[in-house]
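In: Build the 3D model from these lines:
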Amino acid sequence: MAAEDLDEELVDGLDGEISASGAEGELYEHFRFVADKGQQLLRIDKYLVTRLEKSSRNRIQQAADAGCILVNGKAVKSNYRVKPLDVIQIVMDRPRYELEIIAEDIPLDIVYEDDHLLVVNKPAGLVVHPGHGNYSGTLVNALAWHFRDNPDYDVSDPRLGLVHRIDKDTSGLLVVAKTPDAKTHLGRQFFNKTTKREYNALVWGVPSPLSGRIEGNIGRNPKDRLQMAVLPADDPTGKHAVTHYEVLEDFGHVALVKCVLETGRTHQIRVHMRHIGHPLFSDARYGGDVVLRGERSGSYQKFVANCFDICPRQALHARTLGFVHPVTGEEMFFSAPIPADMQALIEKWRSYASQR
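Out: Model prediction:
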């Protein structure tokens, strides 16, 4: 694919891509420009239309409205005036595909599908997008196979496809747009926080109070770039994040909780629950894969080790998803049962709690 064609393809999809930041809130750089030292003040939409070939000023303005255009790390509107040495980035909610997407016959648990969208129940362990170290075996590769006989669906076209994401080791519901209009419409719902997303998680300890609101800006952990963290309110790299939680069952040393997202930042539930002292059970990245509550007895240690073996990933499931259909206007609501590994883990703790 020629560079100018790639420009057109990516920019055409920008107005739908920000939807996001949805599932995990992380944005990926697709283009970067640095203004010359002698750059005269110029509206950014005019600046970019001359650098992204075959793109329209209207599309660039839509991208800016969606928050996809950053200058010196901050989102700007289309009337921003570019100054000398400004660093301009165009970002999207998925990595840039450097290689051709190969269709792979990977089973999909499709909960719903029509001419405009489909809802899929992703298993734990399945990466969503191809990227560094994961160029095959992803949900996008599976979608390429599913749509292999559909001439209108190009898996590399950013105007189509996944509207939001969840982590590799998180299970649950995702919506996929089959048309550009569907992706734009669904994307706006995520951006405007009108979708309904509910997660179930098993956490260490029992949160007090039993229900509450967690608010804390999330950004990269300065001490560990592989982690996200709640940052000080005055840290400009942190993004506003709110999670609502409710304890569904108290098992003594752990609890089953419901989490409702008000925002969608990278690792949001994992970070927020850790922030209030209740990391997700078996979450290696955020310290939940060691015994954090309970007894010192050898039998208890062995019991917890068996629990880790049953569910060797963060105990988090995107259980429900609700949105307005982009064409019919119908309110749609989907639910996916807790998967076998996490359900077995819950049953084991439920049995343990009943014998105490």
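
In: tell me the SS of the nearest residue in space to residue 106 that is not next to it in sequence?
Out: Sequence neighbours aside, residue 142 is the residue nearest to residue 106 in space, at 3.7 Å (criterion: CB to CB, 6 or more residues apart in numbering). Placement of C-beta: from N, CA and C, glycine included. Here residue 142 is helix, with the state taken from DSSP: H, G, I helix; E, B strand; the rest coil.

In: My understanding was that residue 142 contacts residue 110; is that so?
Out: No: in this structure, residue 142 is not within contact of residue 110 by CB atoms under 8 Å, at 10.3 Å.

In: Name the residue in the two with the higher neighbour count.
Out: A direct count of neighbours by other CB atoms under 10 Å for residue 142 and residue 110 places residue 142 higher, at 20 against 12.

In: distance of residue 246 from residue 213?
Out: 11 Å (CB to CB, to the nearest Å).

In: okay, those two: which has more neighbours?
Out: Taking neighbours as other CB under 10 Å, residue 246 and residue 213 compare with residue 246 leading, 14 against 11.

In: State the helix or strand in which that one lies.
Out: Assigned by DSSP states H and E, residue 246 falls within strand 242-250.

In: Going by neighbour count, list what's buried in stretch 308-315.
Out: The neighbour-count check on stretch 308-315 (16 or more other CB atoms under 10 Å) flags 308, 310-311, 313-315 as buried.

In: Quick check: the gap between residue 76 and residue 41.
Out: Taking CB to CB, one finds residue 76 at 13 Å from residue 41.

In: Compare these two and say which is more crowded by neighbours.
Out: Per other CB under 10 Å, whichever of residue 76 and residue 41 has more neighbours is residue 76, with 17 against 9.

In: That one is in contact with residue 64, isn't it?
Out: Yes: assessed by CB under 8 Å, residue 76 is found in contact with residue 64 at 6.5 Å.

In: list the residues that contact both of these two?
Out: Contact with both residue 76 and residue 64 is made by residues residue 44, according to CB atoms under 8 Å, 6 or more residues apart in numbering.

In: how about residue 337, secondary structure?
Out: coil.

In: For the helix or strand containing residue 89, name the packing helices and strands.
Out: Taking DSSP H and E as the criterion, residue 89 maps to strand 87-92. With contacts taken as 3 or more CB pairs under 8 Å, 6 or more residues apart in numbering; DSSP states H and E, strand 87-92 sits against helix 3-17, strand 28-34, helix 44-49, strand 69-71.

In: same thing but 7 Å
Out: Secondary-structure packing of strand 87-92 (3 or more CB pairs under 7 Å, 6 or more residues apart in numbering; DSSP states H and E): helix 3-17, strand 28-34, strand 69-71.

In: Now for residue 180, how many residues are close by?
Out: 16.

In: Correction: the previous question concerned residue 42.
Out: For residue 42, the number of neighbouring residues by other CB under 10 Å comes to 15.

In: And residue 77, by the same measure?
Out: Residue 77: 13 surrounding residues under other CB under 10 Å.

In: need the contact list for it.
Out: Shown in contact with residue 77 (CB atoms under 7 Å, 6 or more residues apart in numbering): 64-65.

In: do the one 5 residues further on as well
Out: The contact partners of residue 82, by CB under 7 Å, 6+ apart, come to 35, 39, 42, 44, 47, 88.
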